[in-house]
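J.: no FASTA, just this:
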């Protein structure tokens, strides 16, 4: 059973990489036709719905995107380095490929449809789960660094004559945090290009989504006000600075309260190897490996490994200082 699962896992990874690589090569040819077909289908469905409601007889193409698409677009944009455009369609296709390949291989190897379906759903969601974990880690880092580097914004806003573009340009030169610098560079790119209001708002949304703190949301609103309305935001920046100072004081008190939980979360790193070493010494070589050929011990082993990974990842997240209120 153990060797069957290992072989199935290797096949899943191998076939997924092969099919996704083929998709990347063929996507420039195939994707435009698929997207046009999808848009036409949505347009016809929207027109039919409007006709049924007797609202209008002629409508333009319906270009609104779903909440799921917007969420994935924000997620990929927040993790994207540089200005390269993200492709939600490729990301969804990767998840579908992994789901189909996993389900097929697991069913052929084991013959259990329900178990194969559960495993394939988990593997299909793996790219999304991994991105969410990376985003959570990035949010904790950038939100904390935003508090530490915020004073640079106030200093440069006054020294540049309250010009928000040159303020952000100077802040990027002085900022130490690499991840926060990347987020600010994207904002500068939105400020210096000839973009319409919706595109600039999208850049602000990506920044707020990436940092994801109350302070970044407030700063995003101030940035919109300063850029679109050419407003003086000096007093609002000072008010935000006072709230940030108070939050930094509260964070010092929270450190000691989380220490015990963090230690318990990392405990499986040492306890699991110790447990298996003791089991190996007690059971002997033959009996120890024989247990892994039985369904129940193998299932329990998989559950222990998964819960231990979750515990360690949770401890890692908790060990990061939370800058948000």
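T.: Received, thanks. Just so you know, these numbers come straight off a predicted model, no measurement behind them. Residues are numbered from 1 along each chain as shown.
J.: how many neighbouring residues does residue 159 have?
T.: Counted with other Cβ atoms under 10 Å, the neighbours of residue 159 add up to 12. Any C-beta I mention is one placed from the backbone N, CA and C, and that applies to glycine too.
J.: ok, it - contacts?
T.: When contacts are counted by Cβ atoms under 8 Å, 6 or more residues apart in numbering, residue 159 touches residue 170.
J.: so which residues of this protein form helices?
T.: Remark: helices assigned in the chain by DSSP state H are 2-53, 67-79, 88-110, 113-159, 164-174, 178-192, 197-211, 214-228, 234-291, 295-319.
J.: quick one: buried residues of the second one?
T.: In terms of neighbour count (16 or more other Cβ atoms under 10 Å), helix 67-79 has its buried residues at 72, 73, 74, 75, 76, 77, 78.
J.: can you check the pLDDT for the third one?
T.: If I follow you right, that is residue 74. Per-residue confidence at residue 74 stands at 87 (pLDDT).
J.: now do the one 10 residues further on
T.: The score at residue 84 is 66. That number is its pLDDT.
J.: same thing with the one 4 residues further on?
T.: The pLDDT attached to residue 88 in the predicted structure is 82.
J.: right, and residue 238 touches residue 151 too?
T.: No: with contact defined as Cβ atoms under 8 Å, residue 238 does not reach residue 151; the gap is 11.0 Å.
J.: what count of nearby residues applies to residue 177?
T.: Count around residue 177 with other Cβ under 10 Å applied: 16.
J.: got phi/psi on it?
T.: Backbone geometry at residue 177, expressed as degrees, to the nearest 10, gives phi -70, psi 120.
J.: let's number from 540 now, not from 1
T.: In the new numbering, first residue 540, that becomes residue 716.
J.: how far away is it from residue 722?
T.: Look at residue 716 and residue 722: by Cβ to Cβ, to the nearest Å, they are 9 Å apart.
J.: what sits in contact with each of those two?
T.: residue 681.
J.: next up, the contacts around residue 755.
T.: Contact partners of residue 755, counting by Cβ under 8 Å, 6+ apart, are 682, 685, 746, 747.
J.: can you pick the most crowded of those?
T.: That'd be residue 746 among the contacts of residue 755, by other Cβ under 10 Å, with 24 neighbours.
J.: surely that residue meets residue 722?
T.: Yes: between residue 746 and residue 722 there is a contact under Cβ under 8 Å: 5.4 Å.
J.: now for residue 632, how many residues are close by?
T.: Neighbour count of residue 632, defined by other Cβ under 10 Å: 18.
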